[in-house]
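Q: Predicted coordinates and the sequence they were generated for:
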Amino acid sequence: MSAVDTEAKGKLDFKVKIDQTAACQRHIVVTVPRAEIDRYFREAYSEIAPRADLPGFRQGKIPRKLLESRFKKTVADQVKSSLVMDSLQQITEGGDISAIAEPDMDYGAVKLPDSGDFTFEFKIEVRPEFQSPKWEGLKLTKTEFTLTDQEVETQLVRTLDRITPGEPWDGEAQLGDRLILDGEFSQGGRRISGFEESLVILRAELSLADCIIENFGELMTGSKEGDRISTKVKIMETSLNEALRGQEVDATFKVVEIRRVNVEALNSTQLSSLGFDDTEELRDFVRSELTRQSEYHQNQLLRDQITKELTVGADWELPTGMVRRQAERELQRRVLEMRRNGFSDDQIRTVVNSMRRNIEELTRGALREHFVLEKLAEDLKIEPTDEQYEAEIKLISEQSDSTVRQVKAKLDRTGQMDALRNQIIERLVIERIVAASDLTTVKGDSILKKEPKEFAVEFLVAPVSQSLPEAKYDDLPEDDADDKSPVKPT
């Protein structure tokens, strides 16, 4: 039992009892003495007295007894709310706990007594308490990637294939073609879900958010516009829709249109529509994009080594509810990180879909890493500056062909500024650790990967009302989200 500091004028005086129920959870009981309750009531009545309006009395001249009688319930609700909010603020700002979520409290069950002290309780998720690991002098290996002209040319072809809409094709579909598809999913004749006119690049596999069609390439190769192709798909065991988890459902795809990209025939008009003056400017863009991706891979390899060392022994029990709530933040962090480093929407969707298949375990690992890196950030007094926020947002805007203002507005609107802060902090800590490490440099292989065997579509075949929020990786304006817009930085 400890008393909260009351030296500051107007600060709420109360007692708080904090019990550790788990490594990342606290049970807190707050007791506010009657004297403080009465003070809050006096302040509340003094605030409304000048504005109160009752028949027969001039405004501001209503007797206190009548004022208390007429506004008792309204003021009591206001006082209860103020006492709860002020005590919560002082507890979190006092440093006794490091909250990572809103309190779990049945506010409706909290009653403000007519006499005596006011007591209420709640549970809250917190960052675990632990000693900062030793981070200086780690033995690390830095992988250096050399970018060749041939790699730039290969990526140029892939980029054109990604950003040009292609021309309608009347023949049979083949791997690499763009298909405009309608999809319908049902079980026992009952419709489960569906989509209309979705762009799908024909690859060996089609990855959806909760299933994979492994024979998709074989299934759709040879199809023509207007064809309907049916198959069965199995919902993943990790699906949040328990009723359909692990079950087969019927899938039917209608080929609305087939489009094929002719990268050799790209003319000046098409280049201009993409935002480039000539192929050399496009080539320079591709080179800068690959350079940024090389840096991403290099930093990711360093990060993996560092977090593996620093999280030894970080086996705190993480409540399942907390992991599920934090899963979206981890998806957002990864998406923002990939977005700033020039990865395409297709590449990002593939990573996000892959993460979703094992999201809870991945999030547990990511949370442990974040707790450790954030603790080191506090030790080192690292906090992102306005300039660093602006630099990150500028990079994202360049990759999405949006203005800085549009990107910032979208980050604010979708609640991703917290994920951006975490990304900056973690990167700054990693940089500090690398600078103080015993570093060895090795030559890496090409960062260019083979053409992916799957195309990812962010679509839940078996949706549920309570599911993980979809990753918000589309920093493009809504009318640009089909990847048909210019990709040239603004």
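A: That came in fine, so what should we check first?

Q: In the longest helix belonging to the chain, which residues are buried?
A: Assignment by DSSP state H gives helix 279-310 as the longest helix of the chain. For helix 279-310, burial by neighbour count (16 or more other C-beta atoms under 10 Å) applies to 282-283, 285-287, 289-294, 296, 298-299, 301-303, 305-307, 309-310. Where C-beta positions appear, they are placed from N, C-alpha and C, glycine not excepted.

Q: likewise stretch 189-205?
A: Result for stretch 189-205 [16+ other C-beta under 10 Å]: buried residues 192, 195, 198-205.

Q: what's the answer for stretch 120-139, then?
A: For stretch 120-139, by 16+ other C-beta under 10 Å, it's 120-128, 135, 138.

Q: which of those lies closest to Val84?
A: Closest approach to Val84 among those (C-beta to C-beta): Phe120, at 6.6 Å.

Q: for that closest one, what are its contacts?
A: Residues in contact with Phe120, defined by C-beta atoms under 8 Å, 6 or more residues apart in numbering, are 29-30, 84, 105, 110.

Q: cool, Ala251 as well?
A: So Ala251 contacts 183-185, 213, 230-233, 461 (C-beta under 8 Å, 6+ apart).

Q: same thing but 7 Å
A: Ala251 makes contact with 183, 185, 230-233 under the criterion C-beta atoms under 7 Å, 6 or more residues apart in numbering.

Q: May I ask which two of the residues you listed are separated the most?
A: Checking the contacts of Ala251 with C-beta to C-beta, the most distant pair is Gly183 and Lys232, at 13.5 Å.

Q: So these two - more neighbours on which side?
A: Gly183 (20 against 10; other C-beta atoms under 10 Å).

Q: can you confirm that one is in a strand?
A: Yes - under DSSP: H, G, I helix; E, B strand; the rest coil, Gly183 sits within a strand.

Q: Show me where the stretch 51-200 of the chain has its strands.
A: Using DSSP state E, counting those that start in this stretch, the strands assigned to the stretch 51-200 of the chain run over residues 118-125, 139-144, 167-168, 178-187, 190-201.

Q: Could you export those to a markdown table, including columns for distance to Gln416?
A: What follows is the strands of the stretch 51-200 of the chain, written out as a markdown table (distance: least, C-beta to C-beta, whole Å):
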| stretch | distance to Gln416 |
| --- | --- |
| strand 118-125 | 20 |
| strand 139-144 | 29 |
| strand 167-168 | 37 |
| strand 178-187 | 28 |
| strand 190-201 | 24 |
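
Q: would you turn those into JSON lines with mean pLDDT and distance to Ser98?
A: Output for the strands of the stretch 51-200 of the chain, formatted as JSON lines (pLDDT from 0 to 100; distance: least, C-beta to C-beta, whole Å):
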{"stretch": "strand 118-125", "mean pLDDT": "93", "distance to Ser98": "10"}
{"stretch": "strand 139-144", "mean pLDDT": "96", "distance to Ser98": "28"}
{"stretch": "strand 167-168", "mean pLDDT": "84", "distance to Ser98": "57"}
{"stretch": "strand 178-187", "mean pLDDT": "96", "distance to Ser98": "44"}
{"stretch": "strand 190-201", "mean pLDDT": "94", "distance to Ser98": "40"}
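
Q: Can you say which of those strands is nearest to Glu257?
A: Among the strands of the stretch 51-200 of the chain, the nearest to Glu257 by C-beta to C-beta is strand 178-187 (4.1 Å).

Q: so what secondary structure elements neighbour that closest one?
A: strand 190-201, strand 248-260 (3 or more C-beta pairs under 7 Å, 6 or more residues apart in numbering; DSSP states H and E).

Q: Just send those back as TSV, with distance to Ala435 too.
A: Formatted as TSV, the helices and strands packed on strand 178-187 follow (distance: least, C-beta to C-beta, whole Å):
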stretch	distance to Ala435
strand 190-201	41
strand 248-260	49
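
Q: Ok, which of those comes nearest Arg325?
A: strand 190-201 (24.6 Å).

Q: Direction included, what does the next helix or strand after that closest one pair up with?
A: Going down the chain from strand 190-201, the next helix or strand is strand 205-208, by DSSP states H and E. With DSSP bridges as the test, strand 205-208 is paired with strand 211-213 (antiparallel), strand 454-456 (parallel).

Q: Walk me through the domains of this structure.
A: 2-125, 139-156+265-448+464-480, 167-260 (automatic domain parsing).

Q: So which of the contacts of Phe120 belong to helices?
A: Val84.

Q: Could you work out the most separated pair of the contacts of Phe120?
A: Pairwise distances across the contacts of Phe120 (C-beta to C-beta) peak at 12.9 Å, for the pair Val29 and Val84.

Q: Neighbour count for these two, which is higher?
A: Val84 (20 against 14).

Q: what sits against that one?
A: 110, 120.

Q: if I look at it, how far off is Lys11?
A: 15 Å (C-beta to C-beta, to the nearest Å).

Q: Over to Ala109?
A: The separation that Ala109 has from Lys11, given C-beta to C-beta, amounts to 27 Å.
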